[in-house]
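J.: Sequence first, predicted coordinates after that:
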Amino acid sequence: MTTIIPRATKIVATLGPATTELADITRVVAAGIDVARLNFSHGSAEDHRKRVAHLRSAMRTLGRTVGIMADLQGPKIRIGRFAGSKVLLKPAQAFTLCATNTLGDGAHVGLDYPQLIQDVSPGDVLLLDDGRITLDVVEVDDAQIMTTVRHGGVLSDNKGINRQGGGLSAPALTPKDMEDIKLAAELQVDFVAVSFPKSGADMRLARDLLHGAGSNALLIAKIERAEAIPALEDILHASDGAMVARGDMAVEVGDAAVPALQKRIIRLAREMNKLAITATQMMESMIHNPNPTRAEVSDVANAVLDGTDAVMLSAETASGKYPAETVAAMSRICVEAEKSAELTLDRDFLNRVFTRIDQSIAMAALFTAYHLKVKAIAALTQSGSTCLWMSRLNCGVPIYALTPETSTRYKLSMFRGVEPMMIGYDGADRDELQSRVERALMDCNAVRAGDMIVLTMGEAIGKTGATNTMKIIRVGEYSAP
């Protein structure tokens, strides 16, 4: 078994053209990714099947646990194509968006989403290509939107459109997404990210479709619409986690509002026992360069200090020149940031009320580990719930989740501060299980003989939700007969 990487924050890396072949995927797994993202906005079903097969081969070779996240495309609100693939728009010029998807030129372009005409009015501001192009809406009729260019530049085929302030009526789940949910179930992914949800109802529909396809993957809500902000608690209640999708969010609410929203979303997710992912342009310069900028280093470090479960790479690993180097750089940044993270466990416990026995045991383990300065927390878990609760607060002690369930092992790959491990429960009594735990932790160099650990488990071994016991153990002091 490989030595466990001493890093609490998880790394999500997108697989793409630069990480399709087995050798390339093996390199990013070896560099330290914890979750591989399949971007369903790009590539065919066969492309995704191939990458998943190579990923699982790399995991077996390296002895690593890497979860898989399918990221749904969501509504495609984009312009059409240009006769010459791109045009140059100049400030103050007229430019028209047409309902008919005909080839465009310097004066007009078609829409892949003609319903945009019903969603905008004179005076609205449209932002194209992640806000690089700004158009002021002058007039709207049944067939076209007439605008004036405020900020121009080169505009190429199929770029996205946002309305400043939000308000587009496109549903979160399109027919393509519904088909892709079936593909996600077929690939046995561990997480499904839903793009552009506006309410908890969008997430509940996605979960119903996912269950109908035979999957129990965890659902991640991508917070990127302006309408999602006031509905944040409703969306989180219906989800297992939230992604701070800073690209579209910045276009809709304004870039200056994003840092505070990032902190709010991460804080609320942790308070509600949900996962949090921070995404978009975290190491963008490394698409072309072997080293990050100082601003990118600070950006990743601040997300770590905010308490995010995971930081995410998109084009950096999907199509960049240095995918493995980017993962390694991000890992180093996370480790250094975690060293300076403030431990506030005693304060975090104030005003908390626990109504479940298993949750109370989880919190007692954190409190004990923090004050006794133990080497590790070992949690025997079926569903992963105990580890989720533990991972919401930082006690400065690594958590090792020991489970007999393969699906739980991979879902735990996203939990901050939790290292998932497989361990068999069959035929083991409590003393034998304790010995197995000690051996497993020693085999991966997490502990040595004489180290003190906190162990949580249930008296009904192998039963979900039965955690009711906490033990303080000195490794090697006792061996089962």
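T.: Yep, that arrived. The shown structure was predicted, so the numbers you read here are calculated from the model rather than taken from an experiment.
J.: Let me see the contact set for the residue nearest to the spatial centre of the chain.
T.: Note on the chain: the residue nearest the mean C-alpha position is Ile277, at 4.1 Å, using C-alpha atoms, centre = their mean. If you count contacts by C-beta atoms under 8 Å, 6 or more residues apart in numbering, Ile277 has them with Val12, Ile220, Gly241, Ala242, Met243, Val244, Thr308, Asp309, Ala310, Val311, Met312, Met414. In this view, the C-beta of every residue, glycine as well, is placed from N, C-alpha and C.
J.: Now render those as TSV, adding secondary structure.
T.: Shown next, in TSV, are these (DSSP: H, G, I helix; E, B strand; the rest coil):
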residue	secondary structure
Val12	strand
Ile220	strand
Gly241	strand
Ala242	strand
Met243	strand
Val244	strand
Thr308	coil
Asp309	coil
Ala310	strand
Val311	strand
Met312	strand
Met414	helix
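J.: now, which of the residues you listed sits nearest Met330?
T.: Val311 (6.3 Å; C-beta to C-beta).
J.: hang on, the closest one packs against Val304?
T.: Yes: counting by C-beta atoms under 8 Å, Val311 does reach Val304; the two are 7.1 Å apart.
J.: shared neighbours of the two, anything?
T.: Common contacts of Val311 and Val304 (C-beta under 8 Å, 6+ apart): Thr9, Cys334.
J.: Please tell me how far the nearest residue in space to Gly254 that is not next to it in sequence sits from Asn351.
T.: The shortest distance from Gly254 to any non-neighbouring residue, by C-beta to C-beta, 6 or more residues apart in numbering, is to Gln164 (7.9 Å). Using C-beta to C-beta, to the nearest Å, Gln164 is found at 39 Å from Asn351.
J.: which of the two has more neighbours?
T.: Gln164 (16 against 6; other C-beta atoms under 10 Å).
J.: What pLDDT does the model give that one?
T.: The per-residue pLDDT reported for Gln164 equals 90.
J.: residues near Val454, how many?
T.: 25.
J.: Could you confirm Glu227 falls within a strand?
T.: No: assigned with three-state DSSP, Glu227 falls outside any strand and is helix.
J.: The residue nearest to it when sequence neighbours are not counted: what secondary structure?
T.: Among residues not flanking Glu227 along the chain, Lys198 sits closest, at 4.6 Å (C-beta to C-beta, 6+ apart). Under three-state DSSP, Lys198 falls in the coil class.
J.: So which residues of the stretch 151-300 of the chain form helices?
T.: 175-186, 200-212, 232-237, 246-253, 258-271, 294-306 (DSSP state H, counting those that start in this stretch).
J.: out of these, deepest packed?
T.: With neighbours defined as mean count of other C-beta atoms under 10 Å, the helices of the stretch 151-300 of the chain peak in mean count at helix 246-253, which reaches a mean of 22.
J.: Let's see that helix as PDB, backbone CA atoms only.
T.: This file holds the C-alpha atoms of helix 246-253, laid out as PDB (Å, rounded to 0.1, in the frame of the first residue of the first chain):
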ATOM      1  CA  ARG A 246     -17.000  31.400 -10.200                       C
ATOM      2  CA  GLY A 247     -17.000  31.900 -14.000                       C
ATOM      3  CA  ASP A 248     -20.700  32.200 -14.800                       C
ATOM      4  CA  MET A 249     -21.300  33.500 -11.300                       C
ATOM      5  CA  ALA A 250     -18.900  36.500 -11.800                       C
ATOM      6  CA  VAL A 251     -20.600  37.300 -15.200                       C
ATOM      7  CA  GLU A 252     -24.100  37.300 -13.600                       C
ATOM      8  CA  VAL A 253     -23.400  39.000 -10.300                       C
END
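J.: Tell me which other helices or strands that helix touches.
T.: strand 161-163, helix 258-271, strand 275-279 (3 or more C-beta pairs under 8 Å, 6 or more residues apart in numbering; DSSP states H and E).
J.: show me the residues around the residue lying closest to Met452 once chain neighbours are set aside that make contact.
T.: Excluding its sequence neighbours, the residue lying closest to Met452 (C-beta to C-beta, 6+ apart) is Val374, at 4.6 Å. Counting by C-beta under 8 Å, 6+ apart, Val374 touches Thr368, Val397, Asp451, Met452, Ile453, Val454, Ile472.
J.: in terms of contact, does the residue nearest to Gly254 touch Leu128 like I think?
T.: No: between Gln164 and Leu128 no contact is recorded; they are 11.2 Å apart, counting by C-beta under 8 Å.
J.: Run through who's touching the lowest-mean-pLDDT helix or strand in the chain.
T.: Least confident helix or strand of the chain, by mean pLDDT, DSSP states H and E, is helix 345-348 with a mean of 76. Applying C-beta under 8 Å, 6+ apart, the contact partners of helix 345-348 are Leu366, Phe367, Tyr370, Leu393, Asn394, Cys395, Gly396.
J.: out of those, who's nearest His288?
T.: Nearest member of the contacts of helix 345-348 to His288, counting by C-beta to C-beta, is Asn394, at 35.0 Å.
J.: What is the neighbour count of the closest one?
T.: Neighbours around Asn394, by other C-beta under 10 Å: 21.
J.: Let me know the secondary structure of it.
T.: Applying three-state DSSP: Asn394 is coil.
J.: ok, it - contacts?
T.: Asn394 sits next to Ala8, Gly307, Ala341, Leu343, Thr344, Leu345, Gly417 when contact means C-beta under 8 Å, 6+ apart.
J.: Reformat those as a markdown table; add neighbour count and distance to Phe40.
T.: Shown next, in a markdown table, are the contacts of Asn394 (neighbours: other C-beta atoms under 10 Å; distance: C-beta to C-beta, whole Å):
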| residue | neighbour count | distance to Phe40 |
| --- | --- | --- |
| Ala8 | 22 | 29 |
| Gly307 | 19 | 28 |
| Ala341 | 16 | 34 |
| Leu343 | 13 | 39 |
| Thr344 | 11 | 39 |
| Leu345 | 17 | 39 |
| Gly417 | 22 | 29 |
